[in-house]
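Engineer: got a sequence here, can you model it:
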Amino acid sequence: MAERVAGEDGVRKVKKMLVGWAAAGLFLVSGGTAFAATWGTPITDLHSGGVDFTDGAYLFNRPFNNHGAFEWQGRLMDTLPRDGHNVYMQVRIESHDWVRYNGKQKKAVWLHRSNWDGAQLYTQKAELRACRDRGSLRPDNCSPTMRFLNPRKG
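Structural biologist: The predicted structure is shown next:
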């Protein structure tokens, strides 16, 4: 009988240890999620035929911090996986040319990028849109362009 009680004590200790590890893991995961949710200013979801950009956020970095860049992130998704067309994001800052970031056909990808003008201390204006590449014979379709202004004046 004494052996049986000692064995049950060991099982209880192992169970308590596992519950403690599970609680610690849950705490760390929820803390990381809360941190990610507070990053930047939310971006309204962007939609167009075959492409979605969701869970987006942006921030304008301060001068000398990450080149004073317009930093953005979000999930780019091909919503018509059978159409054979890829999806991409376009970003334009300070009226320069559009920069393209490709997604993956038939998948959703997480993008986190920074865009800046090397001749300036910080970015003041940025534009963002989600598009579907429909090939060379038909024009691509894009979501409405989101425009962002940096509230910082210097």
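
Engineer: for stretch 60-70, what is the average pLDDT?
Structural biologist: If you average the pLDDT over stretch 60-70, you get 94.

Engineer: ok, and what's touching that stretch?
Structural biologist: 58-59, 71, 91, 93, 114-116, 118, 120-123, 126, 148, 150-152, 154 (C-beta atoms under 8 Å, 6 or more residues apart in numbering). Quick note: C-beta positions are derived from backbone N, CA and C, even for glycine.

Engineer: how does it look with 7 Å?
Structural biologist: 58, 71, 93, 114-116, 120-123, 126, 148, 150, 152 (C-beta atoms under 7 Å, 6 or more residues apart in numbering).

Engineer: which among the residues you listed end up buried?
Structural biologist: 58, 71, 93, 114, 115, 116, 122, 123, 126, 148, 150 (16 or more other C-beta atoms under 10 Å).

Engineer: excluding residues flanking it in the chain, which one is nearest the last one?
Structural biologist: Among residues not flanking residue 150 along the chain, residue 60 sits closest, at 4.1 Å (C-beta to C-beta, 6 or more residues apart in numbering).

Engineer: thought residue 128 was touching residue 91?
Structural biologist: Yes - assessed by C-beta atoms under 7 Å, residue 128 is found in contact with residue 91 at 5.4 Å.

Engineer: which one of these two is surrounded by more residues?
Structural biologist: residue 128 (24 against 20; other C-beta atoms under 10 Å).

Engineer: helix, strand, or coil at that one?
Structural biologist: Judged by DSSP: H, G, I helix; E, B strand; the rest coil, the three-state class of residue 128 is strand.

Engineer: and for the nearest residue to it once chain neighbours are set aside, the neighbour number?
Structural biologist: Distances taken as C-beta to C-beta, 6+ apart place residue 146 nearest to residue 128, at 4.8 Å, with adjacent residues excluded. Counted with other C-beta under 10 Å, the neighbours of residue 146 add up to 17.
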